[in-house]
Structures are given as structure tokens and as C-alpha cells.
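1. Coordinates for the following, if possible.
(chains A and B)
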Amino acid sequence: TQLLEQSPQFLSIQEGENLTVYCNSSSVFSSLQWYRQEPGEGPVLLVTVVTGGEVKKLKRLTFQFGDARKDSSLHITAAQPGDTGLYLCAGAAGSARQLTFGSGTQLTVLP
Amino acid sequence: DTGVSQDPRHKITKRGQNVTFRCDPISEHNRLYWYRQTLGQGPEFLTYFQNEAQLEKSRLLSDRFSAERPKGSFSTLEIQRTEQGDSAMYLCASSFPQTGIGNTIYFGEGSWLTVV
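-> Model (predicted):
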């Protein structure tokens, strides 16, 4: 069974601060995705990373895939209240079609 | 809107009743997935279709659950004899085979089920 552990589970910060969310596993994933989910809505895809060591930037968000493709991080610079939401990482392993999700990090950015 | 569409968005039902959810995927996507999400948890995989064929089923999908995709387009997820533990958000997602850039799937807004 492949498990993805996210940390921290909850994060409350002030507007303008930086933060990092971690996603770790003992399993190797062929690709890893980050989603953001708001209450009562489905997850919205932010990024997909597929290459070990890959770094992708999306405005103030920086995503990194670990060299061994077992872990990933999401760094947000100068967080804004609009960044508030549940951040989920999800991995696909080998030829498996389904994604394994982490339990999420609930981020609250206070104005 | 050309995203994944789910109906109904919310359903409240009495324990023991049957419920059915519908999903319309993105039109060019031949893969369709059902996931279940409970409060405070990430989505859990239930089942996957490629065109009309149901190729994978999770152990979470008990015999009270059945999913179909008869024409390879929309899909239905039926839960028979609902139990309070079935209360969750049921998410549908779709994808198109993309070589070399990972299995990127796109989710609908979900169908909330409350069993009372």
C-alpha cells in the first residue's frame, strides 16, 4: 500500500509570510500532483511533476519533486488570504491509473 | 463550462435508501474515475473506467456500490441500501492519455451525500 504523508496538517499564518508544505512517502511515484481544494468543491489541479529533482514555479508557488521521486514540497512566498484552502498532494505509481492522495494541509492565511 | 460535471451536487437520504450520482467527463477524455472523500481526509480511489470498460475497483467499493459507463461517455455511481458511513463527497474525475507528462486528472465539483 502506497501512503503519502503531508505535513503540517494545519497551518495558520499571517498575510505576507512564507510557508512550505511537505509530502513524503516510502514509495516511488512516476508523477506527483498538487491540488488546492476549497470547502464544498472538488480539488483543482495546480501542477504535475514527473522528473526527479524537477522544480516548477507558478507565480508565488514553487513545487519541487524529490530526486528519488518519493517526496515533494510546495513553497508559497508572501502568502495572501486568497491562498487559503486545503492543499493535497497525489501520486501515481508505475502503470497504476489511480492516484494516492495525502490527507492534506489546511492552510489559513489571515489578513 | 467544459469541465467535469456532477449531479446532484447535494443529496440527503434516509438510511436504507438507494442513491445514484451522475458524472459527465470532459468530452475528449476517455478515462473516468470515481473517488470518495470524507471530512479531513484526501480523496480515496473507488473505481476507474477506460471508455466503457471498468478496469480497476478498490476494495472500498463494497457490493452495495456499482458504477457504470455504458456508452463510454457519462457514468453513474449507485449506492444501494445506504448506511450512515456512506456519508461523504463523491468525486468524479476524467483524463486523457498523455505520454510523458504523468497521469493528470481533472476533478468535478463533487456530489455531497448525507445519510440520516
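2. CA only for contacts and neighbour counts going forward, please
-> OK.
3. What is the burial count for B:T2?
-> If you count neighbours by other C-alpha atoms under 10 Å in any protein chain shown, B:T2 ends up with 8.
4. how far away is it from A:S12?
-> Look at B:T2 and A:S12: by C-alpha to C-alpha, to the nearest Å, they are 34 Å apart.
5. now do B:Q80
-> For B:Q80 relative to A:S12 (C-alpha to C-alpha), the value is 40 Å.
6. Around chain A, pick out the residues from chain B.
-> When proximity is defined as C-alpha under 8 Å from any C-alpha of the partner chain, chain B approaches chain A at B:33, B:40-45, B:48, B:91, B:101-110, B:112.
7. Tell me which of those residues fall in strands.
-> In this view, the residues of chain B next to chain A that belong to strands under DSSP state E are B:33, B:44-45, B:48, B:91, B:106-107, B:112.
8. In TSV: these, plus pLDDT.
-> Formatted as TSV, these follow (pLDDT from 0 to 100):
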residue	pLDDT
B:Y33	95
B:E44	94
B:F45	93
B:Y48	91
B:L91	97
B:Y106	89
B:F107	93
B:W112	96
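9. Which members of the residues you listed are classed as buried?
-> B:33, B:44-45, B:48, B:91, B:106-107, B:112 (16 or more other C-alpha atoms under 10 Å in any protein chain shown).
10. Between all of these, which two are at the greatest distance?
-> Using C-alpha to C-alpha, the pair of those lying farthest apart is B:Y48 and B:W112, separated by 19.7 Å.
11. Need the three-state assignment for A:G82.
-> Under DSSP: H, G, I helix; E, B strand; the rest coil, A:G82 falls in the helix class.
12. and it, what does it touch?
-> Listed by C-alpha atoms under 8 Å, 6 or more residues apart in numbering or on different chains, the contact partners of A:G82 are A:V109.
13. again with the one 5 residues further on
-> Contact partners of A:Y87, counting by C-alpha under 8 Å, 6+ apart, are A:34-37, A:104-107.
14. So which of those is the closest to chain B?
-> Closest to chain B out of the contacts of A:Y87 is A:G104 (6.0 Å), distances taken as C-alpha to the nearest C-alpha.
15. could you pull out the strands for chain B?
-> B:5-7, B:10-13, B:19-24, B:31-37, B:44-50, B:53-57, B:65-68, B:75-79, B:88-95, B:106-107, B:111-115.
16. Would you mind saying which of the ones you listed lies nearest A:Q6?
-> That would be strand B:44-50 among the strands of chain B, by C-alpha to C-alpha, at 15.1 Å.
17. got the CA coordinates for that closest one in CSV?
-> What follows is strand B:44-50, C-alpha atoms only, in CSV (Å, rounded to 0.1, in the frame of the first residue of the first chain):
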residue,chain,number,x,y,z
GLU,B,44,-9.8,7.8,-1.9
PHE,B,45,-9.9,5.9,-5.2
LEU,B,46,-13.0,3.8,-5.8
THR,B,47,-13.0,2.8,-9.5
TYR,B,48,-11.7,3.6,-12.9
PHE,B,49,-13.1,3.3,-16.5
GLN,B,50,-11.4,3.4,-19.8
